[in-house]
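In: All I have is the shape, not the residue letters:
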């Protein structure tokens, strides 16, 4: 409501306050939204480590978009130590749920990242 400005003035800080209440109780959407807020710097200072903390909480509970975002973070090393194996692990989890962006990442993974191949990761 506050993030979109639906019926109230748009206010990301207020949205984060409400998301925090439900995120701490395990709400996946709230966890993901907080992660996106820290990733984009909406209502809070941009903080990639905190974004990844919230993405991981949602990803470990099975939220595909959070799994994809963790894959991106591990692939690029933004907010975490770069780790292609972890990137592929999270892309695979998201791809298994039908996330087309993750499927595309898996399809091209390895070519730009040295000698890592999907077969060498024993994921299949």
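Out: Received the coordinates, thanks. This one's a predicted model, so the numbers in the text were calculated from it and none came from an experiment. Residues are numbered from 1 along each chain as shown.
In: nearest residue to residue 33 other than its sequence neighbours?
Out: residue 19 (5.1 Å; CB to CB, 6 or more residues apart in numbering). For the C-beta atoms, the positions are set from N, CA and C on the backbone; glycine is no exception.
In: quick one: low-confidence ranges for this protein?
Out: 1-11, 109-124 (pLDDT under 70).
In: picking that back up, and the residue nearest to residue 33, what does it touch?
Out: Residues near residue 19 by CB atoms under 8 Å, 6 or more residues apart in numbering: 27, 30, 31, 33, 34, 37.
In: Next SSE downstream of the one helix or strand it maps to?
Out: Assigned by DSSP states H and E, residue 19 belongs to helix 12-23. Next helix or strand after helix 12-23 toward the C-terminus (DSSP H and E): helix 28-40.
In: From residue 58, how far out is the residue nearest to residue 33?
Out: Taking CB to CB, to the nearest Å as the measure, residue 19 falls 11 Å from residue 58.
In: what does residue 94 give?
Out: Taking CB to CB, one finds residue 94 at 11 Å from residue 58.
In: again, but for residue 41
Out: Taking CB to CB, one finds residue 41 at 19 Å from residue 58.
In: Who has more neighbours out of the two?
Out: residue 58 (26 against 12; other CB atoms under 10 Å).
In: If you count neighbours, what's buried in the helix or strand hosting that one?
Out: Element membership of residue 58, judged by DSSP H and E, is helix 48-60. Across helix 48-60, burial judged by 16 or more other CB atoms under 10 Å covers 48, 50, 51, 52, 53, 54, 55, 56, 57, 58, 59.
In: Equivalent analysis for stretch 60-67, please.
Out: Buried residues in stretch 60-67 (16+ other CB under 10 Å): 63, 64, 65, 66, 67.
In: Please apply the same query to stretch 30-40.
Out: Quick answer for stretch 30-40 (16+ other CB under 10 Å): 30, 31, 32, 33, 34, 35, 36, 37, 38, 39.
In: Check the offset of it from the chain's centre.
Out: 8 Å (CA atoms, centre = their mean, to the nearest Å).
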